[in-house]
Structures are given as C-alpha cells and as structure tokens.
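[1] Fold the following, please.
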Amino acid sequence: MNVRERFLEVMDFNTSVVVPKWEFGYWGELIDTWYEQGLPRHDYPQVPTRITSPSMSMTNIAWHSLRSDRLPPATAVVGGGLYQANSFPVDSDVRSALGMDRGQVMVDINTLFYPAFDFKVWEEDDERLVYTDLDGVRKLFVKDPGNYPSGLEYVIRDRKNWEQLKEERLRMDQIRERLGPDWPAQVAEYRRRDYPILLGGFPAGYFGTLAQLMGYENLFYAYYDDPAWIHDIQRTFTDMWLALYSEVLAETTVDMYVIWEDFSAGFGPMISPRIIREFMVPYYRRLTDFLKAHGVKAIFVDTDGYCFDVIPLLIEGGATGLYPIEASCGMDLLRVRKTFPELQLMGGIPKFELAHGPQRIDQILEPVAEVLKTGGYIPFGDHLISPGVSWADFCYYREKLNWMCEHPQGR
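    Reported below is the predicted structural model:
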C-alpha cells in the first residue's frame with residue numbers, strides 16, 4: 001500500500017496496516033541544531049518564495065525580511081502530520097534519514113478574500129517590520145529569534161467595513177477564480193497522487209478565521225455585543241467555502257478536511273461551551289454534512305491546548321477526528337481514546353519529554369502502543385518538536401515509534 005491508501009485504512013480503524021510515519025513538524029531553530037549534531041544535510045528546507053494563496057503564503061514577507069541563509073527560528077518545518085501552509089518550509093532530510101513517509105498536502109486554493117490583499121510594507125528597519133499581509137491584517141514583525149508576526153490593525157473592524165469586504169472580496173460570482181491559474185495542473189497531480197490531500201486547514205475555521213481577521217479581544221466582545229454580526233460572518237464564509245469546495249470536489253477526491261481553530265490554551269478553551277454551541281456547531285454541521293455527502297470520512301479539528309471537555313460538542317458538529325492532542329497541556333491520549341472510541345486521532349506524544357532521554361521516551365510511548373491497537377490513530381509529537389531535543393534522542397524515539405507504526409498490534 002502507498003501512504004495514501006494506508007492513511008485511509010488507518011482512519012477506517014484497520015489495525016492490520018502500517019501506520020503512516022509522520023511528525024507534526026519541527027521548529028526551524030531545532031533543524032539547524034540537528035544538522036550540527038549529525039543530521040545528514042542533503043536538501044535544506046527553504047521558505048517558499050512563490051506567492052500563491054493566503055493559506056500557502058501568509059507571513060512570507062516577514063520570514064524573507066530576515067535576509068538570512070538559516071531557517072527563521074520561529075517558523076514551522078513541516079514533518080508530514082502538519083500540512084504545508086503559512087509559508088512553512090517542508091522537511092526532507094529528517095524524513096529520509098529515519099525512513100518516514102511523505103506527508104499530507106493541502107489543496108492550494110484561496111479560502112479567504114478574493115482578490116487577496118497585496119503585501120505592503122509600511123515601515124522597516126533592522127529591528128522591525130510593519131506590513132499588510134495577504135489577509136488584509138496590518139502586522140508587526142519584531143526581527144528577533146523566536147518571534148512571529150502579530151496583528152496591529154485587523155481587516156474586519158465593524159459592520160460597515162464588513163459589508164464592504166463582502167461586496168468587494170467575498171463575491172459568490174468569483175468562486176472559480178479562487179482556484180488559481182495552476183488549477184488544471186494541480187488537478188492532474190491530485191488524480192495520480194499516492195499521498196493524502198486535504199481541504200480546509202489554516203486559515204479556515206469557525207473560531208480561527210474570526211480571531212485571525214478580527215483579533216481575539218474584538219471577537220470576544222462581538223460574541224456578546226453583536227451576535228447577529230458574528231452569525232453573518234459565519235454564514236458568509238460557510239456559503240463561500242461550500243461553493244468553492246463544490247468546484248474542487250467536482251474534479252478530484254480529497255482524503256481529509258481540517259477545521260483550523262486553535263481555540264484552546266494550556267488550561268482549557270478560550271471560549272465557553274455555550275459560545276461553541278451557538279456560534280460554531282450549526283456551521284460545523286453544514287460543513288461536515290456537505291463533506292460526508294461527498295465521501296470525506298476524516299474531518300479533523302486542529303486545536304492546541306486542553307480541549308477534552310468540549311470534544312462532545314465537536315462530535316455533535318460532525319467532526320470525526322482531533323489533533324494534535326497536546327499532552328503537554330494535560331490532554332491524556334489514553335483517556336481520549338477510551339472516552340471517545342470512534343474518534344480519529346493524530347499526535348498525542350508530549351514533545352518536551354523527548355529531551356529527557358531513552359528511559360523517559362520508553363515511558364511516554366507506552367500509551368501510544370495501547371492506542372495503536374485500537375486503530376484510527378497516527379502518532380507523532382503533540383506540536384512542533386522543540387529546541388532542547390537532541391538529534392540522538394529524537395532518533396531513538398523515532399526509530400522505536402517507526403517500529404510501533406509498522407507493528408500496530410505489537411508482538
């Protein structure tokens with residue numbers, strides 16, 4: 001079986017196939033350290049230069065403003081479990097060195113505004129960059145290691161400017177244009193693929209999109225001050241996404257959908273169950289009913305942090321899977337599996353614990369072995385593998401995990 005076929009079988013809870021050998025990804029700083037520690041360097045990951053859709057090209061101008069031949073320390077280097085988006089470089093050398101699989105590829109279409117906003121630099125010196133990104137948000141990028149661009153002025157500010165955005169950049173008569181000029185070539189590639197492809201992902205979600213475009217504080221106030229406005233935003237994006245996905249699915253199948261949310265932090269969700277039920281679940285249902293009717297059987301919610309208590313609401317909305325199951329924030333992989341036996345899972349391995357050496361690695365892989373026996377699970381770190389994990393310890397961990405993926409029922 002190729003990796004696409006294995007992915008589909010695992011998501012169908014077949015426990016007799018080799019589980020895809022992926023990692024979520026790695027911080028750029030860590031990859032450079034690993035090269036120094038012995039990772040063979042053949043294909044150094046590069047921040048893409050070509051600008052396509054907002055999903056694929058956001059933050060591009062920030063990373064390239066560093067003008068360095070090293071990876072930006074705060075960028076994600078994609079390891080297979082994380083799809084490529086947001087100008088993230090893709091790893092090849094770790095995958096090759098440790099016999100891992102090619103990962104998911106996100107369908108490159110415009111799920112935000114069409115036409116996308118142009119990059120515009122407002123201020124720049126050696127220390128900071130102020131610019132407008134493809135999503136129309138004015139951002140600040142402080143050029144220190146470990147920093148990520150932050151919002152200064154958001155693109156959705158009030159009802160008046162929202163109506164203007166709808167009229168100018170969310171028109172239903174421009175759906176085909178969102179596929180981009182390379183669409184015929186993409187379709188040809190997708191039809192002969194041997195790897196999984198997905199729709200959705202960053203920045204398409206029912207909390208994530210609004211937080212990205214409005215800012216967290218403005219969104220939290222709007223839930224209470226103007227709920228009708230929030231519903232209008234959700235309906236508008238849902239209508240547009242379903243029309244866009246109808247065009248995609250008329251020409252190719254897809255293997256997975258990712259609802260990008262990131263609504264949880266270390267101690268729980270940033271929004272209450274009532275907010276999720278009122279402002280998210282109805283739109284989840286529209287989306288997931290559509291996807292299931294088109295044969296998509298893996299519909300994952302992507303959120304970091306502790307989210308155990310709201311999993312029933314995600315299932316009610318039609319989600320079938322969850323990742324990265326951030327054990328580092330208190331998510332117990334085994335508890336999730338026992339409580340929700342039909343939920344598809346990815347991730348769940350506490351990334352920081354890998355720095356503590358082989359004995360601790362053996363311990364954290366014990367629940368992984370148990371969940372692999374149940375099917376419907378692809379194990380990898382519960383977010384980007386962090387600086388502090390040595391190449392030697394990562395190799396120990398990954399070689400053992402690879403064996404477990406090849407023998408999901410153990411011996």
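[2] what separates the closest residue to P145 other than its chain neighbours from K143, distance-wise?
    Nearest-residue entry for P145: P73, 4.2 Å, with adjacent residues in sequence omitted and distances by CB to CB, 6 or more residues apart in numbering. Every C-beta, even on glycine, is put in place using the N, C-alpha and C of the backbone. Noted for P73: a distance of 11 Å to K143, by CB to CB, to the nearest Å.
[3] Identify each buried residue in stretch 229-243, please.
    Burial within stretch 229-243, assessed by neighbour count using 16 or more other CB atoms under 10 Å, is assigned to I230, I233, Q234, F237, T238, M240, W241.
[4] Can you convert the residues you listed into CSV and add a column each for secondary structure, distance to R138 and pLDDT?
    Written out in CSV, the entries for the buried residues of stretch 229-243 read as follows (DSSP: H, G, I helix; E, B strand; the rest coil; distance: CB to CB, whole Å; pLDDT from 0 to 100):
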residue, secondary structure, distance to R138, pLDDT
I230, helix, 22, 98
I233, helix, 20, 98
Q234, helix, 24, 98
F237, helix, 21, 98
T238, helix, 26, 98
M240, helix, 23, 98
W241, helix, 25, 98
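[5] and of the residues you listed, the nearest to W22?
    W241 (25.9 Å; CB to CB).
[6] Which residues are in contact with that closest one?
    For W241, the contacting residues are T111, A204, L287, taking CB atoms under 8 Å, 6 or more residues apart in numbering as the criterion.
[7] if we take these, which one ends up nearest to L354?
    Distances from L354 to the contacts of W241, taken as CB to CB, are shortest for A204 (30.6 Å).
[8] where along the stretch 51-200 of the chain do the helices fall?
    Taking DSSP state H, counting those that start in this stretch as the criterion, the stretch 51-200 of the chain carries its helices at 54-57, 60-64, 93-97, 159-169, 183-191.
[9] D304: which of those is closest?
    helix 54-57 (18.3 Å).
[10] list the buried ones in the closest one?
    Across helix 54-57, burial judged by 16+ other CB under 10 Å covers P54, S55, M56, S57.
[11] now do stretch 124-139
    The neighbour-count check on stretch 124-139 (16+ other CB under 10 Å) flags L129, V130, Y131, T132, D133, L134, D135, G136, V137, R138, K139 as buried.
[12] now what about it, what contacts it?
    By CB under 8 Å, 6+ apart, the list of residues contacting stretch 124-139 from outside reads 51, 54, 57-59, 61-62, 65, 112-113, 116-123, 140-144, 149-155, 165, 203, 212-213.
[13] Could you list which of those belong to strands?
    Among the contacts of stretch 124-139, the members found in strands (DSSP state E) are K120, V121, W122, E123, L140, F141, V142, S150, G151, L152, E153.
[14] most neighbours, which of the residues you listed?
    With neighbours set by other CB atoms under 10 Å, the maximum within these is found at F141, which has 24 neighbours.
[15] ok, it to A392 distance?
    Separation of F141 from A392 (CB to CB) stands at 34 Å.
[16] can you check D126 too?
    Using CB to CB, which is the criterion applied here, D126 is 36 Å from A392.
[17] go on, R360?
    In this view, R360 and A392 are 14 Å apart by CB to CB.
[18] mind checking how far S92 is from W391?
    As defined by CB to CB, S92 lies at a distance of 16 Å from W391.
[19] Name the residue in the two with the higher neighbour count.
    Neighbours per residue, other CB under 10 Å: of S92 and W391, the larger number sits with W391, 18 against 14.
[20] Could you check what's spatially nearest to that one, not counting adjacent residues?
    Nearest residue to W391 in three dimensions, chain neighbours excluded: Q37, at 4.0 Å (CB to CB, 6+ apart).
[21] okay, the one you found: pLDDT?
    The per-residue pLDDT reported for Q37 equals 98.
[22] How about the one 4 residues further on?
    Among the per-residue scores, R41 holds a pLDDT of 98.
[23] just to revisit the earlier point, just say which of the helices of the stretch 51-200 of the chain is most tucked in.
    Ranked by average neighbour count under the criterion mean count of other CB atoms under 10 Å, the helices of the stretch 51-200 of the chain are headed by helix 54-57 at a mean of 24.
[24] so who does D239 touch?
    Residues touching D239, when contacts are defined by CB under 8 Å, 6+ apart, comprise M172.
[25] The one 10 residues further on now?
    Under the criterion of CB under 8 Å, 6+ apart, the neighbours of L249 are H294.
[26] go with 10 Å
    Counting by CB atoms under 10 Å, 6 or more residues apart in numbering, L249 touches L199, F290, L291, A293, H294, G295, V296.
[27] now it: how far from L242?
    Counting by CB to CB, the gap from L249 to L242 is 10 Å.
[28] Please point out which parts of the host helix or strand of L219 sit buried.
    In this structure, L219 sits in helix 216-225 according to DSSP states H and E. For helix 216-225, the neighbour count (16+ other CB under 10 Å) marks N218, L219, A222, Y223 as buried.
[29] One more: stretch 335-346?
    Of the residues in stretch 335-346, those scored as buried under the neighbour-count criterion (16+ other CB under 10 Å) are V336, R337, F340, L343, Q344, L345, M346.
[30] I'd like the residues you listed written out as TSV, with secondary structure and pLDDT added.
    Conversion of those to TSV gives the following (DSSP: H, G, I helix; E, B strand; the rest coil; pLDDT from 0 to 100):
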residue	secondary structure	pLDDT
V336	helix	98
R337	helix	98
F340	coil	98
L343	coil	98
Q344	strand	98
L345	strand	98
M346	strand	98
